[in-house]
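Asks: Task: produce atomic coordinates for the following.
(2 chains)
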2 protein chains.
Amino acid sequence: MQLTILGCHSATPLENAHTTSQVLEVKEHLFLIDCGEGTQIQLRKRKIKFSRIKRIFISHLHGDHFYGLIGMISTFRLLGRSADLHIYGPKGIKEIITLQLKLAKSWTNFDLFFHELESTKSQIIYEDDGLTVSTIPLDHRVYTNGYLFAEKTGPRRLDKNKIESLAIATCDFQNLKLGKDILLESGEKIKNKDVTLAPHPSKRYAFCSDTSFKESIVNEIQGVDVLYHEATFLNAHEDLAQKTKHSTASQAAKIAKMAAVGKLILGHFSSRYNDKSAFVDEAIEHFDIVELASDGKIFNI
Amino acid sequence: MQLTILGCHSATPLENAHTTSQVLEVKEHLFLIDCGEGTQIQLRKRKIKFSRIKRIFISHLHGDHFYGLIGMISTFRLLGRSADLHIYGPKGIKEIITLQLKLAKSWTNFDLFFHELESTKSQIIYEDDGLTVSTIPLDHRVYTNGYLFAEKTGPRRLDKNKIESLAIATCDFQNLKLGKDILLESGEKIKNKDVTLAPHPSKRYAFCSDTSFKESIVNEIQGVDVLYHEATFLNAHEDLAQKTKHSTASQAAKIAKMAAVGKLILGHFSSRYNDKSAFVDEAIEHFDIVELASDGKIFNI
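Replies: Residues are numbered from 1 along each chain as shown, chains lettered A, B, ... in the order given. Next up, the predicted model:
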């Protein structure tokens, strides 16, 4: 998995501080997570091909997380896209997009599928051979979901050094990958663990923005390799975090600790803080593997 | 009048080519004309104070002319705006903006007035002591208006050298500004033209985008000081201009010539042309006072 931060600032876009958007690459697939105003320009800056984006996940209908979506869809059309586009987001997102297309007498020359979300319980909303995407219901001023991207465990890997001297029937290679023991034509029994290696480890990435401090999300994100958790405020403004249903860096770090994640990435910073290092200083009091998001930064998971 | 081009490119925003938006300053008032995605960032780059914008004029509901509007309104709220905001644009614009505010459970802490347009005849849509704004109905794929900003003729100006030796009653200064002759207490008659100067010339600016070649707009823009006319295409793509209801640089120049305008500014360039100088070359065949718009360029009218 590779995560590219396109924007990680709250509220309103500035010349050098873009609102929330990320691209997650998983086994050749690109997933766009949130789409603040100007996301398409950020994608161009990072030289990410628009046509590779097949699925877009919107956390909630605040502008700094989705005002760039209609522009992306329009640009897809202008670029001659023909591949399906799937959009996951809160109920209402279809009405907004289709109203804008209708009033512009516009259309898409590709199929546009809306997957509108209403449940307040975690659910799997996408699944393919290699991955599942589940919602992480969050607690914000409007209906909001985080998203958990979980790779599936791959097949066991054949140990070339061990198998090259054995006369294995073609169909048994698949049985070995599935973890089964096999019988050679000679009658010799081959134990799976003697000739295969463990599967590549499957990775999990959790995106949680925007949300107040919500302990129960620990159930859904337990042990993920990387957690992106919003940290709009510092401790000095904890009251404001509570009032606006956002989190502080400390609160994000407490969640990371409880969930025993591999790494915490902080983002969604309020523009009131010029120096972002205090976010790390306050988080590290609770959880020590912490990094700051910044526009354009790439994280390999 | 001072015109600042924030963006003058068609279809889709690029890192260094922004979609349509302009700011017109008239006697301390700022008018925003169109509002493509990312307009708020362009305003910040030009250090234009958001609070000075009281009226926004949207030509039509294609994304490259208004996808930045909802973000502007959201940012106005976040900046604590209290002054009224007036938005002029095609019917439907209110529904789009209010739906987005509703689904975000958002609001404005200032009064938001929508002036929705439906007429296909030119009409005065705004007037104050110094200015009128009229629509210029255009011919595009959706209902579209250009806008004519016309300063009113100011008062005659007192000629200080001539009046300082005369015993003029206070109320007669106003009569002189209004063009009246006056009678001094001494009985001497003072002819207005002997002691006043002509008013400062009133300026007129016409914004015409997007439109096919439409001769009848000449009636509304006759003799304006500056005409901004879209020129999406060059002659080589005149068929495409016709099909998409846009104009070529030549067609814009023909309009400028027929209307005997003071200066023609070309904009709304298609991204297919890297070298913009051909737009001038083709326009100048028909009308020779022509300039190209570019993002950030300022025109004093």
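
Asks: Outline the domain layout of chain A.
Replies: A:2-154+A:200-300, A:157-197 (automatic domain parsing).

Asks: For chain B, which of the ones you listed is the nearest?
Replies: Of all those, it is domain A:2-154+A:200-300 that lies closest to chain B, at 4.2 Å by Cβ to the nearest Cβ. Placement of C-beta: from N, CA and C, glycine included.

Asks: Any idea how many residues pack against the closest residue to residue A:270 other than its chain neighbours?
Replies: Spatial nearest neighbour of residue A:270, chain neighbours left out: residue A:232 (5.1 Å); criterion: Cβ to Cβ, 6 or more residues apart in numbering or on different chains. Using other Cβ atoms under 10 Å in any protein chain shown, residue A:232 has 28 other residues around it.

Asks: I'd guessed residue A:232 sits against residue A:267; true?
Replies: No: under the criterion of Cβ atoms under 8 Å, residue A:232 is not in contact with residue A:267, lying 9.1 Å apart.

Asks: Could you give the number of residues near the residue nearest to residue A:211 when sequence neighbours are not counted?
Replies: Residue nearest to residue A:211 in three dimensions, not counting chain neighbours: residue A:138, with 3.7 Å by Cβ to Cβ, 6+ apart. Neighbourhood size, residue A:138 [other Cβ under 10 Å]: 22.

Asks: who's in contact with residue A:138?
Replies: A:59, A:144, A:145, A:146, A:208, A:209, A:210, A:211, A:214, A:217 (Cβ atoms under 8 Å, 6 or more residues apart in numbering or on different chains).

Asks: Flag every residue of chain A that's near chain B.
Replies: Counting by Cβ under 8 Å from any Cβ of the partner chain, the residues of chain A close to chain B are A:11-15, A:37-38, A:40-41, A:44-45, A:61-64, A:67-68, A:70-71, A:74-75, A:78, A:90, A:92, A:95-96, A:99-100, A:103-106, A:141-142.

Asks: Out of the residues you listed, which end up buried?
Replies: A:11-13, A:37-38, A:40-41, A:44, A:61-64, A:67-68, A:70-71, A:74-75, A:90, A:92, A:96, A:99-100, A:103-104, A:106, A:141-142 (16 or more other Cβ atoms under 10 Å in any protein chain shown).

Asks: what's the residue of chain A positioned farthest from its centre in contact with, if anything?
Replies: Distance from the C-alpha centroid of chain A peaks at residue A:186, with 49.3 Å (Cα atoms, centre = their mean). The neighbours of residue A:186, taking Cβ under 8 Å, 6+ apart as the test, are residue A:167.

Asks: Report pLDDT for it.
Replies: pLDDT, residue A:186: 92.

Asks: which stretch of helix or strand covers it?
Replies: Taking DSSP states H and E as the definition, residue A:186 sits outside all helices and strands.

Asks: wouldn't residue A:50 be in contact with residue A:43 here?
Replies: Yes: contact criterion Cβ under 8 Å: residue A:50 and residue A:43 qualify, at 6.5 Å.

Asks: Name the residue in those two with the higher neighbour count.
Replies: Comparing residue A:50 with residue A:43 by other Cβ under 10 Å, the one with more neighbours is residue A:43, at 24 against 15.

Asks: Now the more buried one: which helix or strand?
Replies: Applying DSSP H and E, one finds residue A:43 within helix A:39-45.

Asks: for that helix, packing partners?
Replies: On a contact count with 3 or more Cβ pairs under 8 Å, 6 or more residues apart in numbering or on different chains; DSSP states H and E, helix A:39-45 meets strand A:2-7, strand A:21-26, helix A:69-78.

Asks: Grab the nearest non-local neighbour of residue A:91.
Replies: Distance criterion Cβ to Cβ, 6+ apart; nearest residue to residue A:91, sequence neighbours excluded, is residue A:116 at 4.4 Å.

Asks: so what strands line up beside the helix or strand that neighbour falls within?
Replies: Applying DSSP H and E as the criterion places residue A:116 in strand A:112-117. Applying DSSP bridges, strand A:112-117 is found paired with strand A:85-90 (parallel).

Asks: Identify all contacting residues around the partner strand.
Replies: Around strand A:85-90, the neighbours that count as contacts under Cβ under 8 Å, 6+ apart are A:53-61, A:66, A:69, A:73, A:76, A:93, A:97, A:108, A:110-118, A:125-126, A:133, A:142-145, A:147, B:103.

Asks: Now, of these, which are buried?
Replies: Judged by 16+ other Cβ under 10 Å, buried ones among these: A:53, A:55-61, A:66, A:69, A:73, A:76, A:93, A:97, A:108, A:112, A:114, A:117, A:125-126, A:133, A:142-145, A:147, B:103.

Asks: In helices only, show me those.
Replies: Using DSSP state H, the subset of the buried ones among the contacts of strand A:85-90 located in helices is A:66, A:69, A:73, A:76, A:93, A:97, B:103.

Asks: so who does the fifth one touch?
Replies: If a contact means Cβ under 8 Å, 6+ apart, then residue A:93 has A:58, A:61, A:66, A:69, A:87, A:114, A:116 as its contacts.

Asks: residue ranges with poor pLDDT in chain A?
Replies: In the prediction, chain A carries no residues with pLDDT under 70.
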